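Chemist: This is a predicted model, with the sequence first.
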Amino acid sequence: TVVGVPRETSEGERRVALVPKVVERLRARNLSVVVEPGAGAGALIPDTAYVHSGATLGDPWSADVVVKVAPPSPPEIARLRRGALFVGFLTPLTDPGKARALADAGVTGFAMEAIPRISRAQSMDALSSQATVSGYRAAMVAAELLTRFFPMLTTAAGTVPPAKVLVLGVGVAGLQALATARRLGARTTGYDVRPEVADQVRSVGAQWLDLGVDGIEAAGSGGYARALTDAERAEQQRQLGKAITGFDAVITTALVPGRRAPTLVTADAVRGMRAGSVVVDLAGEAGGNCELSEPGKVVVAESVTISAPLNLPATMPEHASELYARNVQAVLELLTDPAGALAVDFGDEIVAGACVTGKES
Ligand code: NAD
């Protein structure tokens, strides 16, 4: 089986789907890898490193399995071979047109987002590996934009209190943001609508923001949150608006699969924050968690800086690619046998969950 690795073409994308270390492992499993020249450039991986690991340089689009990070563009879909497999992010819930276009092209598409979150699939969980990068980076962005210290300082010139950092939405990214902010010396607090998250928040040395008996609980299925009702949303915004005022930095990561991101921080809540405070909104791709966020931009409103960066994993392309490549490796191992032949079992829960084009295609 030949695996193709194209150069990513979407704007700002610096990641690559396979790194040389993983190419070596795939070669050991009798898979051939064809890498498009320059595919690793964004992640600072030269073509020669791929060649040393056993890949060949060439046209990746005629491969049996094409592996990518960003969803394929229409011209890229046109280059895929009928009968080929595609593995990558495919935004099946927010843009089902991609999966349809692949199916129409006779390609079987496996969406990284759709891999079920069961223990056997943990090594394939690219949402988690990339959210880890985003969460870490979000804490760094908050520290960078805040005009005050994160850590407590005791100096001859006086004592500086630690910054107070609140993370709203504590999934994988939120937990990493809490851990990172704490390593930088901030006093950290976390909040989520899934009550089971409280223990995880405490495990990274943060406080749990307890909104009391009126706190809204909204655990959904598969470890995700459900969307709130209008009344719940209004009540949550009111409660958070009061809670937010004491924090120097608020990092938001709240997402509900397939939906617009919920608004957690209203314009009023921003007005209640101290001048110089910061909001880092990780939900920009899904419309943002802060009413004043402009996805992809940094804006200042009421002397509060609001940043809604897009595609943070691409800002750390080496490690993000390395982690992603491990996820792709695990998927490829699921789709092939040890002799390197395609062996796709559509009866397998992970295969069936990840396949977004229907097995007939
Ligand atoms: P996500 O990116 O979908 O959402 C981020 C967080 O936002 C979630 O914790 C969610 O509860 C929260 N949220 C949604 N709406 C909210 C609202 N209105 N107010 C406050 N918070 C809100 O989540 P994720 O990071 O992908 O992870 C979700 C969970 O799945 C985590 O607990 C994680 O540990 C679990 N998980 C399990 C596995 C596995 O078992 N294999 C793998 C990965 C993640």
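Modeler: All right, it came through fine.
Chemist: where do the helices sit along the chain?
Modeler: Chain-ordered helices for the chain, with DSSP state H as the definition, fall at 20-28, 47-52, 74-79, 97-104, 126-145, 172-183, 197-203, 230-244, 267-271, 317-335, 349-354.
Chemist: Tabulate these (TSV), appending mean pLDDT and mean neighbour count.
Modeler: Glycine gets a C-beta too; all of them are placed from N, C-alpha and C. Putting the helices of the chain into TSV (pLDDT from 0 to 100; neighbours: other C-beta atoms under 10 Å) gives the following:
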stretch	mean pLDDT	mean neighbour count
helix 20-28	98	18
helix 47-52	98	16
helix 74-79	97	14
helix 97-104	96	18
helix 126-145	98	22
helix 172-183	98	24
helix 197-203	97	16
helix 230-244	93	16
helix 267-271	97	17
helix 317-335	98	22
helix 349-354	97	18
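Chemist: need those in a markdown table with distance to residue 255, can you?
Modeler: Written out in a markdown table, the entries for the helices of the chain read as follows (distance: least, C-beta to C-beta, whole Å):
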| stretch | distance to residue 255 |
| --- | --- |
| helix 20-28 | 28 |
| helix 47-52 | 34 |
| helix 74-79 | 26 |
| helix 97-104 | 19 |
| helix 126-145 | 9 |
| helix 172-183 | 9 |
| helix 197-203 | 14 |
| helix 230-244 | 15 |
| helix 267-271 | 19 |
| helix 317-335 | 18 |
| helix 349-354 | 19 |
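Chemist: Could you save these as JSON lines and add columns showing distance to the ligand?
Modeler: Output for the helices of the chain, formatted as JSON lines (distance: least, C-beta to the nearest ligand atom, whole Å):
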{"stretch": "helix 20-28", "distance to the ligand": "20"}
{"stretch": "helix 47-52", "distance to the ligand": "30"}
{"stretch": "helix 74-79", "distance to the ligand": "26"}
{"stretch": "helix 97-104", "distance to the ligand": "20"}
{"stretch": "helix 126-145", "distance to the ligand": "4"}
{"stretch": "helix 172-183", "distance to the ligand": "4"}
{"stretch": "helix 197-203", "distance to the ligand": "6"}
{"stretch": "helix 230-244", "distance to the ligand": "6"}
{"stretch": "helix 267-271", "distance to the ligand": "13"}
{"stretch": "helix 317-335", "distance to the ligand": "11"}
{"stretch": "helix 349-354", "distance to the ligand": "11"}
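Chemist: contacting residues around the most centrally placed residue in the chain?
Modeler: Nearest to the geometric centre of the chain sits residue 131, at 3.5 Å (C-alpha atoms, centre = their mean). By C-beta atoms under 8 Å, 6 or more residues apart in numbering, the residues touching residue 131 are 171-173, 176, 253.
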